[in-house]
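S.K.: build the 3D model from these lines:
(2 chains)
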2 protein chains.
Amino acid sequence: MDTIAPTPLTDDLRTRFAALLPAGRALTEAEAIAPYLREQRDLYEGRSRLVLRPSSVDEVSAILKLANETRTPVVPQGGNTGLVGGQVPRSEQEIVLSLSLMNRIRDVDPIGRTMTVDAGVVLQRVQEAADEANLFFPLSLGSEGSCQIGGNLSSNAGGTGVLAYGNSRDLCLGLEAVLPGGAIFHGLRRLKKDNRGYDIRDLLIGAEGTLGVITGAVLKLFPKPAAREVAYVGLETPEHAIQLLRRAEAIAGSQLTAFELMPRIGIEFTVRHTQGARDPLASPHAWYVLLEISSARSEDDARSVLEHTLEGAFEAGEVQDAAIAQSLSDARMFWRMREEMSWAQKPEGGSIKHDVSVPVALVPEFLRRADEAVLEAIPDARIVSFGHLGDGNIHYNISQPVGADTQVFLGRWHEINRLVHAIVADLNGSFAAEHGIGQLKRIELAETKPPMEMDLMRGIKTVFDPYGIMNPGKLL
Amino acid sequence: MDTIAPTPLTDDLRTRFAALLPAGRALTEAEAIAPYLREQRDLYEGRSRLVLRPSSVDEVSAILKLANETRTPVVPQGGNTGLVGGQVPRSEQEIVLSLSLMNRIRDVDPIGRTMTVDAGVVLQRVQEAADEANLFFPLSLGSEGSCQIGGNLSSNAGGTGVLAYGNSRDLCLGLEAVLPGGAIFHGLRRLKKDNRGYDIRDLLIGAEGTLGVITGAVLKLFPKPAAREVAYVGLETPEHAIQLLRRAEAIAGSQLTAFELMPRIGIEFTVRHTQGARDPLASPHAWYVLLEISSARSEDDARSVLEHTLEGAFEAGEVQDAAIAQSLSDARMFWRMREEMSWAQKPEGGSIKHDVSVPVALVPEFLRRADEAVLEAIPDARIVSFGHLGDGNIHYNISQPVGADTQVFLGRWHEINRLVHAIVADLNGSFAAEHGIGQLKRIELAETKPPMEMDLMRGIKTVFDPYGIMNPGKLL
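M.R.: Okay, here's the model as predicted:
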């Protein structure tokens, strides 16, 4: 679905939209609008002449009612941290609907272990509010200090907690959303079991704002682990990492709460460009794993599971060396090595990114074949493939050759994407694991999804949004 | 959506359907068809003149193609264990599509921890195949010896494992399904993260066969617990049970794998009517909890968590007495007390059933209010309210007064449903927690769901099934 032919966003229409909100909540000046038009990767430059900042579901409803009547395209925006351009408006006809002022935590239920929030609450605040209730909200992303829970749900965000706790979808019990026309979907249910008809909730989750605007959610909370113990492990090959994963799962069960893979070059980049970062191991290794064991009971308990896992892995020759964090600051440093890896690529020049997943057992094969294909195309490319091995989700990022022309290198983005994604497809994987489709992968989605599935998606889109006002040109 | 006006199922059309399958796979004789028309609660008597038993997705596709062309209604049927009449054909125009011969386990992936199965595999066989691979499939229901995984997914079945592992929906990574017209949805993905567009999978799950026929699934497997320890606890009130639940969750975290509530009268019925059953505790208690702790490590580990939980609960006055299973046969017996409770109601006469959920913290309030309302309507009714307290899901069953006329009592089914469901609605609960809508709750769904949601559901139905051939008169 490409864009609709909207009525022009005349000054008069802007005024009508602005009048739906208290004074000061409609931004019309270019300077005020500018931050809503830029995104962190600088892949997309947005265009819009109106940003609306409602603070209640009724205000959102009034906006979508008028938008539907006037066929005005609406781009919902949370923390503006998306990596695929889904939150970026594309023309001066489009209005930005910012959820930032809908930022109340509505309720925490410590017995049912749920939290009910506005869509605009920043993820980190959700984590903190859970912590204050002596509970735990496990969604954890690099951008957690600014991304918003509504955006996390709209894109079904992943992150490092997925292994043990699931994606955003799995962490949501109920939703409130506004549909084009202004009707409110009252689905803020706090129920673990509810089989009353089709699963509208999961359709809105991951729809990237193309079916409606998520305005609130009931989130699942978990018992807070009493302790989390982290190890930083050096090993020879991704196959060894898979063996270690299997061992850790067999020993720790659901206590295995993170299993991240990193390559040597990523460690080097991170040490080089991140203040205070250092490699915890004495000698270099080809690959590294960050392994976290949680315990509901005690530090001793988590530690003993971790040590038991590593002892077995040493005996079996799966790992070459390992360090266990001896303090909270050790643990933070180990995690920083992983979390800064994407940023540490920036000073090394251009980076062509991928966000792919394959069945876990096939990650080593994927890496081998993708490396071969990429190095044939760009012999001196520096491949920084890291990520959530426990989920089969690899951020297969390629830093430019030393001294290469950045723009020429980045000009090969789609060519390299196609090489890598063909291997992913061959392994029954996904070229959009946790970042979504947005603008970046929209054409590729339409080209690769079976026509029947595209038809179903278009049909569903029409049911929710007959005039196509919701986030046009994204996803579909 | 009520039924379509189908073309009559003439003998000629029956022959055309039968010709799509190898000889012997189309049942047309009344005697052969009879078992497909009855269901275990005897609430519905089915009618149909044709049962088709395909053994491959291509055969299913051919059937749905012809059905769509001829506007012939199709009722998919798995193990025929549904409790709401969803699997029962309602007229001689309708054909039954039995999945029973699609019963291959296609693949077990021990590293990715997935199993790919045909829809017609019996749940217990899935459990056993997981066990043989030293893994664990946690879906567990009373009917597991005959229900089929396709039916479990179509109804998003729950059961006793939901607390730790989630509903059927949460246990499914990928689906294969056939849509009206015969198009095959190839969604057998083994990926933990895949954000390529709208969530068609979760729409088909729980749709009760009204959008298409599930023919295969990729299931999530889990590390097999090394040990499971079970306690049978006597306590005074449901409030105490909630306190115990909170304590167990805080201590055991994800190691708490079952938490079932039972009332005294249910124990009495079970002891009275189940061979070999006995109350493990010396004195009677008003309420009972069955509590299971699993460990990935050892029996000692599970035992120590369980003991630690119970010690604290005794000290806090939450529990009155407790028995810990000392052997596998003890554990089986404890579980039997819970599992036989529904059957043990049968010899006590008619039973008006409910399958409701409310936020966990509100279960005590629900029980108090529902008891009051029911006993006002039927003073000597014997209320047997038991179930998955950890999920807020109570099977609020009401056995007839001693000596009452069963038919007169059962004639008040809907009246009593309405009383109980009004309280459930007031507590923001669900009147269809884990058994689905089917025929039994279809009218009530349409009456209670907001019209906007009904419209969305009807719109989605039309996208998938424009002629309404899929399981008409069920759910919608």
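
S.K.: show me what contacts A:Arg382?
M.R.: A:Ile265, A:Glu348, A:Ile398, A:Ser399, A:Gln400, A:Pro401, A:Val402 (Cβ atoms under 8 Å, 6 or more residues apart in numbering or on different chains). Just so you know, the C-beta spots here come from the backbone N, C-alpha and C atoms, and that holds for glycine as well.

S.K.: what's the answer for A:Thr81, then?
M.R.: A:Glu39, A:Gln40, A:Ser143, A:Ser146, A:Cys147, A:Gly151.

S.K.: please enumerate the strands of the stretch 301-450 of chain A.
M.R.: Residue ranges of the strands in the stretch 301-450 of chain A, as given by DSSP state E, counting those that start in this stretch, are A:321-324, A:351-352, A:356-357, A:382-388, A:393-399.

S.K.: can you give me the helices in the stretch 51-200 of chain A?
M.R.: A:57-70, A:123-132, A:149-154, A:162-165, A:200-204 (DSSP state H, counting those that start in this stretch).

S.K.: pick out the shakiest of the ones you listed, pLDDT-wise.
M.R.: Of all those, the minimum mean pLDDT falls on helix A:162-165 (a mean of 94).

S.K.: which residues touch it?
M.R.: By Cβ under 8 Å, 6+ apart, helix A:162-165 touches A:138-139, A:171, A:222, A:254, A:256-259, A:294, A:388, A:390-391, A:393, A:434, B:192-193, B:254.

S.K.: ok, now with 7 Å
M.R.: A:138, A:171, A:222, A:254, A:256-259, A:388, A:390-391, B:192-193 (Cβ atoms under 7 Å, 6 or more residues apart in numbering or on different chains).

S.K.: and those residues as TSV, adding distance to A:Arg278, pLDDT and neighbour count?
M.R.: TSV is the format used below for the contacts of helix A:162-165 (distance: Cβ to Cβ, whole Å; pLDDT from 0 to 100; neighbours: other Cβ atoms under 10 Å in any protein chain shown):
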residue	distance to A:Arg278	pLDDT	neighbour count
A:Pro138	28	97	22
A:Leu171	34	98	25
A:Phe222	32	94	20
A:Ser254	32	86	22
A:Leu256	26	95	25
A:Thr257	24	96	24
A:Ala258	20	96	24
A:Phe259	22	97	23
A:His388	24	96	26
A:Gly390	25	93	26
A:Asp391	27	94	24
B:Lys192	32	94	26
B:Lys193	31	96	25
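
S.K.: just give the nearest non-adjacent residue to A:Leu256, would you?
M.R.: Distances taken as Cβ to Cβ, 6 or more residues apart in numbering or on different chains put A:Ala248 closest to A:Leu256, at 4.9 Å, once the chain neighbours are dropped.

S.K.: what mean pLDDT does the host helix or strand of that neighbour have?
M.R.: Element membership for A:Ala248, per DSSP states H and E: helix A:238-252. In this model, helix A:238-252 has an average pLDDT of 95.

S.K.: tell me the angle that helix makes with strand A:393-399.
M.R.: Interaxial angle, helix A:238-252 versus strand A:393-399 (axes from the mean of the first three to the mean of the last three Cα atoms, to 10 degrees): 150 degrees.

S.K.: who's in contact with the closest residue to A:Ile398 other than its chain neighbours?
M.R.: Nearest residue to A:Ile398 in three dimensions, chain neighbours excluded: A:Ile352, at 4.6 Å (Cβ to Cβ, 6+ apart). By Cβ under 7 Å, 6+ apart, the contact list for A:Ile352 reads A:Ile398, A:Leu410, A:Arg412, A:Trp413, A:Ile416.

S.K.: rewinding a little: beyond the helix holding A:Ala248, next helix or strand please.
M.R.: Heading C-terminal from helix A:238-252 (DSSP H and E), you reach strand A:256-263.

S.K.: how near is the nearest residue to A:Lys65 once chain neighbours are set aside to B:Phe386?
M.R.: Leaving aside its chain neighbours, A:Lys65 sits nearest to A:Gly182 (3.2 Å; criterion: Cβ to Cβ, 6+ apart). A:Gly182 sits 43 Å away from B:Phe386, going by Cβ to Cβ, to the nearest Å.
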